[in-house]
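Novice: predicted coordinates and the sequence they were generated for:
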Amino acid sequence: MTAGQKLDARALRADFPIFEQLIHGKPLAYLDSANSSQKPRQVLDAMTTFYETSYANVHRAVHVLGERATAGLEGAREKVRAFVNAPDVREVVFVRNATEALNLVAYSWGGNNLGPGDSVVVTELEHHSNFVPWQYIARRNGAEFRMLPIDENGDADLSQLEQIARETKVKVVATNLVSNSLGTIADISPLVRWAHEHDAIFVCDAAQAAPHMRVDVQALDCDFLAISGHKMCGPSGIGVLWGRGELLRKMEPFLLGGHMINSVRYEKTTWGELPHKFEAGTSPIAEAVGLGAAIDYLEAAGLDAIEAYEHELAAYALERLADVPGIILYGPPAERRAGVVSFNLEGIHPHDVAQILDMQGVAIRAGHHCCQPLMHKLGVAATNRASFYLYTVREEIDQLVHGLHRVTEALG
Ligand SMILES: Cc1ncc(COP(=O)(O)O)c(C=O)c1O
C-alpha cells in the first residue's frame, strides 16, 4: 500500500459475490462483519484453485501434490508472519480460531504457571473467549481472577492495578485491542508496560483488531496474540496464535496426537519443534491458503486505508443514527472506534429490531455479543450491533437508519 492510499469501497464490493443477490427482495445491507466477514472472489478462487490443482496432506508426502500443499500452507504462514510483523515464522501457530488460540495459552501457559497467590487480570470488556478460559484456569489452579472495570467509552480503569499488584503476584494480563461490542480501540500500552514491570505475560486478543488496522506484535510488545481468519476476509476454520518463541518453546503442548511429536515410544514421547508442537493432527490446509489470499487482499487495500475508512463510516453512522427516535448509542466517539456501533431502541427488544430489519435486507447482530459482563455493566440483556468493513457503503447505513424508523413506527 502507498502512504495516503484511499479506500474505494464500491470497487472492492464488486469482488464479493455475496452482494449479487437480493434478500427478501431488497439489496443486502450486510452490517454484521464483526461477527464474520464476507469473502472476496480472490480468496474463494485461491481456495478452489488449490483444491483443484494442489491439494494433498502436508508435511507427510514426498509426492508432488504433497509438496505443493506443504508449500501452500507454509507460504501462508510466512504471509501471517509478515502481516503481524513477527520476528520468526516458527512463532506462527495455526489453530481453528481466536478462541482456540486463547485456550491454548490459558491451558498450556496458564495451566502450568498459575498457582495460589498468582493473578490473571482481564477487563470488563472482554469477549467470553478472552474471559472464560482465564477465569476457568485461574480458579482451577487456585489463582485469583481479577477484572478491571471499564467506563462508558470502554476504557479500562487502571486505578486498581497497584492494589492488585500488592495483593497478588500478577502472572497474566489479557485484553482485547478492539472491542467487538463497543468498537473501542484500546490503548493497551500502559497495561503492557505494567504487565512486564511485574514479569507477567501480556495476551492480546486481536480478533477484532487484525481485520481493521495494522497489528504489529513487536510494536505492541505483547507476548501472545490471537486472530480469527473468518473475520478478516478469510475462511472459517482457521485462526492464528502468535507467541514469543522463548515462551512457546517452554510450554507444554495443548493438543496431542499426530504431527506434533518428535518421537513416540511406549516409555516416552517427545514433542516436535515449533510450530508443529502446537499443531496436532491434519492442519487447516486450504483454509491457510485462503487466509494467505485474504492477507494479500487486505494488504492491497491497505490496512491504514481500511482503518481510516471505518472511522468515516462510524462517524457517518453515529450521526445518522442519532436522529432515530428512542435510540441509545453505546461506546466511544467515532475516531476512537473501529466500524462497530452498538445501540438499543428504548422499549424494543433487540431481537425484534433485528428481525424487522432482516425483512428489509439489513443484517445486524442482536444479542449479548459474547460479552455478558459488559451487558451487565450496561444494565441490559442485549444490544443491537451494526458493524462495517472495507466493502460497506453508506447506502447500507442509510438502509439501516430507514429500517430503524420503520421499527419505531411499528413497535415504538
Ligand atoms: C474480540 C473477540 N475475541 C474473540 C472472538 C472469538 O473469535 P472466534 O469465535 O472466531 O474464535 C471474537 C469473536 O467475535 C471477538 O470479537
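Specialist: Everything's here; your move.

Novice: quick check: buried residues in stretch 237-250?
Specialist: G237, I238, G239, V240, L241, W242, G243, R244, L247, L248 (16 or more other C-beta atoms under 10 Å). In short, each C-beta sits where N, CA and C put it, glycine included.

Novice: whoops, I mixed them up, stretch 317-329
Specialist: A317, L318, R320, L321, V324, I327.

Novice: isn't the third one right up against V401?
Specialist: Yes - checked against C-beta atoms under 8 Å, the pair R320 and V401 is within contact range at 4.8 Å.

Novice: and K171, backbone torsions?
Specialist: In terms of degrees, to the nearest 10, the main-chain angles of K171 are phi -110, psi -30.

Novice: from what I see, it and F202 are in contact.
Specialist: No - K171 lies out of contact with F202 (C-beta under 8 Å); the separation is 10.9 Å.

Novice: helices - which of the buried residues of stretch 237-250 land there?
Specialist: L247, L248 (DSSP state H).

Novice: helices and strands around whichever strand or helix holds P190, which ones?
Specialist: Applying DSSP states H and E as the criterion places P190 in helix 189-197. For helix 189-197, the packing partners by 3 or more C-beta pairs under 8 Å, 6 or more residues apart in numbering; DSSP states H and E come out as strand 169-176, strand 201-205.

Novice: run the chain-centre distance for the last one.
Specialist: Same thing as strand 201-205. A distance of 13 Å separates the centroid of the chain from that of strand 201-205, by C-alpha atoms, centre = their mean, to the nearest Å.

Novice: need the next SSE after that strand, C-terminal direction.
Specialist: helix 217-220.

Novice: what's in contact with that following helix?
Specialist: Identification of contacts with helix 217-220 by C-beta atoms under 8 Å, 6 or more residues apart in numbering yields V84, N85, A86, P87, L177, I188, S189, V192, C204, L225, W242.

Novice: which residues touch P333?
Specialist: N153, L318.

Novice: that older thread, turn the helices and strands packed on helix 189-197 into TSV, columns for mean neighbour count and distance to the ligand.
Specialist: Shown next, in TSV, are those (neighbours: other C-beta atoms under 10 Å; distance: least, C-beta to the nearest ligand atom, whole Å):
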stretch	mean neighbour count	distance to the ligand
strand 169-176	25	5
strand 201-205	26	5
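
Novice: could the ones you listed go into JSON lines alongside mean pLDDT and distance to D45?
Specialist: As requested, these are exported to JSON lines (pLDDT from 0 to 100; distance: least, C-beta to C-beta, whole Å):
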{"stretch": "strand 169-176", "mean pLDDT": "98", "distance to D45": "32"}
{"stretch": "strand 201-205", "mean pLDDT": "98", "distance to D45": "31"}
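
Novice: just give the nearest non-adjacent residue to A46, would you?
Specialist: Once flanking residues are discounted, A46 sits nearest to A293: 3.6 Å by C-beta to C-beta, 6 or more residues apart in numbering.

Novice: which secondary structure state does that neighbour sit in?
Specialist: helix (DSSP: H, G, I helix; E, B strand; the rest coil).

Novice: OK, contacts around it?
Specialist: Applying C-beta under 8 Å, 6+ apart, the residues near A293 are Q42, V43, D45, A46, M47, G234.

Novice: please report how far it lies from the ligand.
Specialist: 18 Å (C-beta to the nearest ligand atom, to the nearest Å).

Novice: can you check R336 too?
Specialist: Taking C-beta to the nearest ligand atom, one finds R336 at 16 Å from the ligand.

Novice: can you tell me the closest non-neighbouring residue to that residue?
Specialist: I185 (5.8 Å).

Novice: which ones are touching the one you found?
Specialist: Counted by C-beta under 8 Å, 6+ apart, I185 has contacts L177, V178, A209, M213, R336, R337, A338.

Novice: out of those, which comes closest to the ligand?
Specialist: V178 (6.9 Å; C-beta to the nearest ligand atom).

Novice: surely L7 meets A300?
Specialist: No - judged on C-beta under 8 Å, L7 makes no contact with A300 at a distance of 10.7 Å.

Novice: higher neighbour count, these two?
Specialist: Neighbour totals were compared for L7 and A300, and L7 leads with 20 against 11 (other C-beta atoms under 10 Å).

Novice: now the host helix or strand of V80, how far from the chain's geometric center?
Specialist: For V80, the host element (DSSP H and E) is helix 64-84. Relative to its chain's centre, helix 64-84 lies at 21 Å (C-alpha atoms, centre = their mean).

Novice: just the pLDDT for the residue nearest to V84 when sequence neighbours are not counted.
Specialist: Residue nearest to V84 in three dimensions, not counting chain neighbours: V217, with 5.0 Å by C-beta to C-beta, 6+ apart. Listed pLDDT for V217 reads 98.

Novice: same deal with I364?
Specialist: 97.

Novice: that one contacts N384, doesn't it?
Specialist: Yes - in this structure I364 lies within contact range of N384 using C-beta under 8 Å: 5.7 Å.
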